[in-house]
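S.K.: Fold the following.
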Amino acid sequence: MVDRRSVLKLGGGAAALGVTGGVIALVARNGDDGVGDGEAFESIDIDYGEYDSPEAIYRVWTGYPRRFSFVDDGAYTGETALRCAIPANASDGSNAMFWFPDNGYDQPREVTQRAMVRLSDDWTMADGDVCRFWSAGLNTAAGPHGSGGRGRPSGDDGWSSMFAVTERETDSDALYNLSAYTYHMDQDDASGEFEVIDAPVPAGKWFRFATSARMNTVSDGDAEPDGEVRCWLNGDLVYERTDFRWTTTETQAIEYAGPLVRYGGGETAPTDLAVFYDDHRLRGNGAADGSARDPDPFVADPSEMDAYESRITVATDEETTYRLYVDGYAVHTQWSNVDGHEAFPNETVDVSLAGNTETGYVTVEATAEPDTADGYLFDGELLALETDAELAELWVSGQRVDPDEYPSAPDE
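M.R.: Numbering: from 1, shown residues only. Alright, predicted model coming up:
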């Protein structure tokens, strides 16, 4: 097994891995391809409790669509989760993906997604089995060469980026590795490229799963090798490729994204299984230009850590609203040194510069989810901390400190 943040590229392609036969046919619905006819996609946060059925928000098709349903027990947040059943001795779940053209959007060239995912409590897999559960991006409107063992995409006839769990390369019967399954122009086999990722997930426990897909650029009708796919597990970057070639035309981009379930190729589920989803969020860059990456000037990549004097980590055990007061400058970043707490960009973070606050200091306000860690880089001094619940941990300048050491306001 290879190290985290890298993958094991298995020889022989997907055909040798048993993921070719009987795959779900991702066939385009008749009609327009949705390129250039709608609005630029920006974002959507999907609350399953607001919809009567999965079909109200997703396109549910192929396989057995009725195997996707809403359930009112075991949700991560709220009262409703999305469930896809896989009966024993069967392979098909179905697809329940967000269909950009059907929702009035142009196909975006970049999409970032985040969701909570859980394998059923009794999840089990036979040696070597694979079960796909997610699509970072997929296009069938341009053609059928994004799935089904139909051959290598040529640049104008479909593509896909999917993720799966697999029993391969694991050391425990209770853990299953992630894997990437991609149809692209440089794949060696007719059935895509399959890569095992050293990132195990457990059965019966929610994990935070995020992906981003960015189309390759096109120069004079040639596909440049700069298509990007990334995957994060519980806030850690576990997969990154920046050399994909999918398209030779600007009219083929990301048509679908989201839940997609298929157990195996020729193999079948050894027992009744299910995959659960909650809190699905999608962010886009528009149909042609721009970026799905956060343009907020108060968000910094962890690689920029050396450019700041120090760092802060706020870790929570329960949902907590807090406010930091900083004499200097502060930015939010995806970084944490707290074991057991997921580090992930917190979209509620609001940074106000000193000139815009009553206190005359920089303030950082946010609401953190349970068992998470919010990271910050800053120059200057942390003066005060106000919270509505007890923090699990507070780290300042590499040292764990008692939150009670700080007053709730700078003038106290």
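
S.K.: drop to CA atoms for contacts and neighbour counts, all remaining ones
M.R.: Fine.

S.K.: List the buried residues of stretch 56-67.
M.R.: Ile57, Tyr58, Arg59, Val60, Trp61, Gly63, Tyr64, Pro65, Arg67 (16 or more other Cα atoms under 10 Å).

S.K.: Let me know whether Thr348 touches Ala366 as I believe.
M.R.: Yes: at 5.2 Å, Thr348 counts as touching Ala366 under the criterion of Cα atoms under 8 Å.

S.K.: Within its sheet, name the partner strands of the longest strand belonging to the chain and how each one runs.
M.R.: In the chain, with assignment by DSSP state E, the single longest strand is strand 372-387. Strand 372-387 has the following sheet partners, assigned by DSSP bridges: strand 310-316 (antiparallel), strand 320-333 (antiparallel), strand 342-343 (parallel).

S.K.: Now the host helix or strand of Asn95: buried residues?
M.R.: Secondary structure from DSSP states H and E places Asn95 in strand 92-99. Across strand 92-99, burial judged by 16+ other Cα under 10 Å covers Asp92, Gly93, Ser94, Asn95, Ala96, Met97, Phe98, Trp99.

S.K.: Can you name the residues bridging to the closest residue to the last one other than its chain neighbours?
M.R.: Read it as Trp99. Nearest residue to Trp99, sequence neighbours excluded (Cα to Cα, 6 or more residues apart in numbering): Tyr256, at 4.8 Å. For Tyr256, the beta-bridge partners under DSSP bridges are Trp99, Leu138.

S.K.: residues near Tyr256, how many?
M.R.: 27 (other Cα atoms under 10 Å).

S.K.: With Asp122 instead?
M.R.: 12.

S.K.: Help me confirm that it is found in a strand?
M.R.: No: the assignment for Asp122, made by DSSP: H, G, I helix; E, B strand; the rest coil, is coil rather than a strand.

S.K.: correct me, but it touches Leu273?
M.R.: Yes: using Cα under 8 Å, Asp122 is in contact with Leu273, at 7.1 Å.

S.K.: Next, count neighbours for Glu412.
M.R.: Counted with other Cα under 10 Å, Glu412 comes out at 8.

S.K.: Over to Ile44?
M.R.: The number of residues near Ile44, taken as other Cα under 10 Å, comes to 12.

S.K.: so what's it bridging to?
M.R.: Beta-bridge partners, per DSSP bridges, of Ile44: Leu282.

S.K.: how does this protein divide into domains?
M.R.: 7-284, 299-405 (automatic domain parsing).

S.K.: now those domains as TSV including distance to Asp411?
M.R.: Putting these into TSV (distance: least, Cα to Cα, whole Å) gives the following:
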stretch	distance to Asp411
domain 7-284	36
domain 299-405	9
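
S.K.: Could you say which of these is packed most deeply?
M.R.: Most buried of the domains of the chain by mean neighbour count (mean count of other Cα atoms under 10 Å) is domain 7-284; its value is a mean of 21.

S.K.: re the thing from before, could you pull up the contacting residues of the residue nearest to Trp99?
M.R.: Met97, Phe98, Trp99, Phe100, Ser135, Gly137, Leu138, Asn139 (Cα atoms under 8 Å, 6 or more residues apart in numbering).

S.K.: Equivalent analysis for Ser397, please.
M.R.: Counting by Cα under 8 Å, 6+ apart, Ser397 has contacts Ser310, Arg311, Ile312.

S.K.: swap in Gly38?
M.R.: Applying Cα under 8 Å, 6+ apart, the residues near Gly38 are Pro101, Gly104, Tyr105, Asp106.

S.K.: Gly137 versus Pro403, what's the distance?
M.R.: 42 Å (Cα to Cα, to the nearest Å).

S.K.: should've said Ser43
M.R.: 15 Å.

S.K.: repeat for Tyr263
M.R.: The value you get for Tyr263 to Gly137, if Cα to Cα is used, is 19 Å.

S.K.: ok, back up a step: following the longest strand of the chain, which helix or strand comes up?
M.R.: Following strand 372-387 in sequence, per DSSP H and E, is strand 393-396.

S.K.: Which secondary structure elements does that next one sit against?
M.R.: Packed against strand 393-396 by the contact rule (3 or more Cα pairs under 8 Å, 6 or more residues apart in numbering; DSSP states H and E) you find strand 310-316, strand 399-401.

S.K.: repeat that with 10 Å
M.R.: Under the contact criterion of 3 or more Cα pairs under 10 Å, 6 or more residues apart in numbering; DSSP states H and E, strand 393-396 touches strand 310-316, strand 372-387, strand 399-401.

S.K.: Who are the packing partners of the last one?
M.R.: Going back to what we said before, that points to strand 399-401. Going by 3+ Cα pairs under 10 Å, 6+ apart, strand 399-401 lies up against strand 310-316, strand 393-396.

S.K.: mind running it again at 7 Å?
M.R.: If you count contacts as 3 or more Cα pairs under 7 Å, 6 or more residues apart in numbering; DSSP states H and E, strand 399-401 packs onto strand 393-396.

S.K.: Quick one: mean pLDDT for the strand it packs on?
M.R.: Mean pLDDT, computed over strand 393-396, is 94.

S.K.: Only C-alpha atoms, please: export that strand in PDB.
M.R.: Presented in PDB, the C-alpha positions along strand 393-396 are these (Å, rounded to 0.1, in the frame of the first residue of the first chain):
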ATOM      1  CA  GLU A 393      -9.300  22.400  22.800                       C
ATOM      2  CA  LEU A 394      -7.700  25.700  22.000                       C
ATOM      3  CA  TRP A 395      -4.200  26.000  20.500                       C
ATOM      4  CA  VAL A 396      -2.300  29.200  20.100                       C
END
